[in-house]
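> Sequence first, then the predicted structure:
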Amino acid sequence: MKKNILFLVLLTGIFTACEKDDFCIENPVTSKLIIDFYDDTNRETLKNVQRFSIIAEGKTDSLFVNKTFNSISIPLNSLTLETIYTLKKNDDTGAAADNKKEFVSRSCGFKVIFNNLEFSSNTNSWITDFTPTTIINLDDQSTAHVQIFH
Amino acid sequence: MYKYFISICLLFVFAENYSQEQKKDSIIYQEKDTVIYKTNYGLRLGMDISRPLFSSLYSNYNGLEIIADYRIKKNVYIAAEIGFEEKTSIEDYSNSTSKGNYIRLGLNYNAYDNWLDMNNEIFVGYRYGFSLFNQTLNNYTTNVSDMENGSYFPAVLNTVGQASTSLNTHWSEFMIGIKAETLHNLFIGFSFSYKILMSVKDPENFMTLFSPGFNRIFESNTGFGINYTISYLIPFSKK
């Protein structure tokens, strides 16, 4: 009887004491802005951008250099209200946003949620059009946030 | 005189041998062993000595725990622990301090059969735990890095202290341990406990990473604890 109780306690201990490792497996924690590139004439189909480079204003290192994409995801600067990227094939696109911090988990820490994003782009560029011009919350990585036509 | 010592001894051996011989028809009445070994019942008071030790070893921890139990049956004890703990949880992206008091109440069942009048224990126990505490988020860094681009934009350390008061946790705890009477009425014990969180009041936009009495709260809302105790039994009666 007494041995059984001890055995039971030990057994439940062994089976329930397995603890998940607390590693941050979310990637990214803070959502990035996803941009898809579409054909300007045939607006349903994705179109690659050739020899594409992208650099943020004030940075000396490019995010990507000379790549071919039809979809990219770019981080936004949480410390400034405006993030300006130069998408080479010579153009600027700006994203302005407020942000708030939301706690995710012990290992992942706090993520930034960008609110009330507004997009703008220079006229006279290889980008003919983009949609939408505003996003309320950037907190999702499953679909593209912005479609650029060229 | 010394010469005959061994001879004299031999003589007694013989005498004894004769005296042990029984008559063939005699009936042997043997008395049953009715000796009952009594042990002390009373209040046992003590403290956890691992907590002051950890307090001196680690700069991010402070703690103290008083323990008590009262024997109600041969194998059953009512047990309680009250304590104070303060701990700074240093994580990759945050640094926070929890500070508060706790109480644990429950029963111990001694599963060990003692020899004679010995008073040792191998026990299993259950506790209900309650803790009332504050948690301050000392600083944090937003997690803006990712695998593809690393930290393209910098993140700053936010040092705005965010204090959350009157947080609480309730939990259930299963213990297994030993207690040994090392000196008369002085016990040294060791126990291990597995804790399951029943409810927690988290700070706003943050979570309780450490609760006094419960220790670190793991992702599955469970926790572990150890106790290394020294206690003194104030005997009330012998049963």
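Okay, I see it. Residues are numbered from 1 along each chain as shown, chains lettered A, B, ... in the order given.
> How about chain B: which residue is closest to chain A?
Nearest residue of chain B to chain A, counting by Cβ to the nearest Cβ: B:Tyr93, 2.4 Å away. For the C-beta atoms, the positions are set from N, CA and C on the backbone; glycine is no exception.
> what's the burial count for that residue?
Number of residues near B:Tyr93 (other Cβ atoms under 10 Å in any protein chain shown) recorded here: 22.
> pLDDT wise, what is it at?
B:Tyr93 is assigned a pLDDT of 89 by the prediction.
> For B:Tyr194, see how far away the spatially closest residue to it that is not a sequence neighbour is.
Spatial nearest neighbour of B:Tyr93, chain neighbours left out: A:Gly109 (2.4 Å); criterion: Cβ to Cβ, 6 or more residues apart in numbering or on different chains. Distance of A:Gly109 to B:Tyr194, computed by Cβ to Cβ, to the nearest Å: 28 Å.
> Between these two, which has more neighbouring residues?
Between A:Gly109 and B:Tyr194, counted using other Cβ under 10 Å, the more crowded position is A:Gly109 (22 against 18).
> any idea how far that one lies from B:Ala180?
Applying Cβ to Cβ to A:Gly109 and B:Ala180 gives a distance of 45 Å.
> low-scoring stretches of the chain, by residue?
By default, I'm working from chain A. Applying pLDDT under 70 to chain A picks out residues A:1-3, A:5-21, A:90-93.
> not quite, I wanted chain B
Along chain B, segments meeting pLDDT under 70 span B:1-33.
> quick one: contacts for the residue nearest to B:Tyr93?
A:24, A:29, A:103, B:91-94, B:140-143 (Cβ atoms under 8 Å, 6 or more residues apart in numbering or on different chains).
> Quick one, which of those residues are buried?
Buried by 16 or more other Cβ atoms under 10 Å in any protein chain shown: A:29, A:103, B:93-94, B:140-143, out of the contacts of A:Gly109.
> Just the ones of those in strands?
Residues of those located in strands (DSSP state E): A:103, B:94, B:140-141.
> quick one: which of the residues you listed is nearest to A:Thr60?
Closest to A:Thr60 out of these is B:Thr141 (22.9 Å), distances taken as Cβ to Cβ.
> for that closest one, which residues make a bridge with it?
B:Leu157 (DSSP bridges).
> Could you find the closest non-adjacent residue to the residue sitting nearest the centre point of chain A?
Residue closest to the mean C-alpha point of chain A, counted by Cα atoms, centre = their mean, is A:Lys32 at 1.4 Å. Leaving aside its chain neighbours, A:Lys32 sits nearest to A:Ser73 (4.2 Å; criterion: Cβ to Cβ, 6+ apart).
> Report the buried residues of the host helix or strand of the one you found.
Using DSSP states H and E, A:Ser73 sits within strand A:71-74. Applying a neighbour-count criterion of 16+ other Cβ under 10 Å, one finds A:72-74 buried in strand A:71-74.
> ok, residues contacting that strand?
If you take Cβ under 8 Å, 6+ apart as the criterion, strand A:71-74 is touched by A:32-37, A:46, A:52, A:54, A:63-64, A:85, A:141, A:144, B:148.
> interface residues of chain B facing chain A?
Within chain B, the positions near chain A by Cβ under 8 Å from any Cβ of the partner chain are B:91-94, B:109, B:111-113, B:122, B:124, B:140-149, B:152-156, B:158, B:174, B:176, B:194, B:205-207, B:209, B:218-220, B:222, B:224.
> Now the buried members of those.
B:93-94, B:109, B:111-112, B:122, B:124, B:140-146, B:149, B:152-153, B:155, B:158, B:174, B:176, B:194, B:206, B:209, B:218, B:222, B:224.
> just the strands in chain B please.
B:40-48, B:61-71, B:76-90, B:94-110, B:121-141, B:157-158, B:162-183, B:186-200, B:210-211, B:215-216, B:222-238.
> what's the closest of the buried ones among the contacts of A:Gly109 to B:Glu81?
Nearest member of those to B:Glu81, counting by Cβ to Cβ, is B:Ser94, at 29.0 Å.
> Is the residue lying closest to A:Ser62 once chain neighbours are set aside bridged to anything, and to what?
Here the nearest residue to A:Ser62 in space, its sequence neighbours aside, is A:Ile55; by Cβ to Cβ, 6+ apart that works out to 4.4 Å. Assessed by DSSP bridges, A:Ile55 has beta-bridge partners A:Thr86.
> Thank you, goodbye.
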